[in-house]
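# Dropping the sequence and predicted coords here.
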Amino acid sequence: MSRLEALVEELERSYQQAQERMADPSIFNDHREAASTGRRLKELEEPHKLALAWREAVADVTAASEDAELRELLPDAEARVAELEDELRHALVVQDPNDQRDVIVEVRHGVGGDEAALWAGDLYRMLTRYTERLGFAAEVLSSSPSDGGGFKEITFAVKGKGAFSVFKWEGGTHRVQRVPTTESQGRIHTSTATVAVMPEAEEVEVEIDPSDLKIDVYRSTGPGGQSVNTTDSAVRITHVPTGLVVSMQDEKSQLQNRQKALRVLRARLYEQELDRQQRELADQRRAQIGSGNRSEKIRTYNFQDGRVTDHRIKRTSYKLDAVLSGELDEFSEALQEEERRRSLE
């Protein structure tokens, strides 16, 4: 038995098991397992169709090689088998289970003072323009503007099928080299901003015990600390077991701020669990193409040369203005191709 045939048999077995599990009424007593099995079944549907087509094509090759009257069909049948084998190998590459999810993106200023906050604002605009180009929807969850017009930090959600599959490549430290508008000597400064990209978790996947939460309410404030709200609508939620803190004040309603804060907290807890799993599995994607950790420098934007370099794949583009306008496909596609290549190996 060839390795591919063994993989096809395993695929067929997994697909049948997922079907049987979804047909068992008891699965709906566990919402988390039902959601997980449903996603698994959907992931296997396309590879399973390819496997059936491959088996038929192999049977055609056998028939053509054993029957003199069908011998002239053999080259076409063999070409079809080769084509399906290539498609199957790609389909059987382990997919990131979070690829189809919506995401929550956090952009924070890094090293460089006011210039870093301005750069964080530029990155936010770049990513939201990318969102628009992909036909996704963006929703600002919270923001902390800087006095100079940038952002100390801004958090937004992106909704759209496959959002995580493209935005996950933006997680990390983005470095800019340019002359700040406040620089009178024309000297180039280096500043950074960090981007964290988290798959948005469903409530059934991350259960938060209310007793683990410390919730504080206070009045919203604007830039410079001035009060912008006369009621205690701002919310700070502390997850006591992990020490994670999420603050939300953009909405006028305390309930809306609380709901948004819980969405972000749930995503952070989910990401924390994923990081734990990835540390245990050294051959996972992030070990192969950079970890995506916030401390990792993933890309440099050099304004003097109009150059953008992605350090993970050693790829440089001289279309800086286009990239900042949200044309990130060149980097996303190259990173996806590198991921597929390593997975196929």
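The structure has been received and is ready for your questions.

# Now Gly306, what are its backbone angles?
According to degrees, to the nearest 10, the main-chain angles of Gly306 amount to phi 60, psi 40.

# try Pro145
Torsion angles, degrees, to the nearest 10, at Pro145: phi -70, psi 150.

# Surely it is in contact with Phe151?
Yes. Assessed by Cβ atoms under 8 Å, Pro145 is found in contact with Phe151 at 5.8 Å. From N, CA and C alone the C-beta is placed, and that goes for glycine too.

# neighbour count winner among those two?
Neighbour totals were compared for Pro145 and Phe151, and Phe151 leads with 24 against 15 (other Cβ atoms under 10 Å).

# how near is the more buried one to Ser317?
In this view, Phe151 and Ser317 are 25 Å apart by Cβ to Cβ, to the nearest Å.

# Equivalent analysis for Ile188, please.
For Ile188 relative to Ser317 (Cβ to Cβ), the value is 19 Å.

# Look at the two and report which has more neighbours.
A side-by-side neighbour count of Ile188 and Ser317, using other Cβ under 10 Å, places Ser317 first with 17 against 13.

# The more buried one - nearest residue in space that isn't next to it in sequence?
Spatial nearest neighbour of Ser317, excluding adjacent residues (Cβ to Cβ, 6 or more residues apart in numbering): Val308 at 4.9 Å.

# element containing the one you found, please.
Assessed by DSSP states H and E, Val308 sits inside strand 307-310.

# Please name the strands paired to that strand in the sheet, noting orientation.
Using DSSP bridges, the strands paired with strand 307-310 in its sheet are strand 297-302 (antiparallel), strand 315-317 (antiparallel).

# where do the strands sit along the stretch 101-250 of the chain?
Per DSSP state E, counting those that start in this stretch, the stretch 101-250 of the chain carries strands over the ranges 103-109, 137-145, 151-159, 172-178, 189-199, 213-218, 234-239, 244-248.

# chain center to the first one, what's the gap?
Centroid displacement of strand 103-109 relative to its chain, using Cα atoms, centre = their mean, to the nearest Å, is 12 Å.
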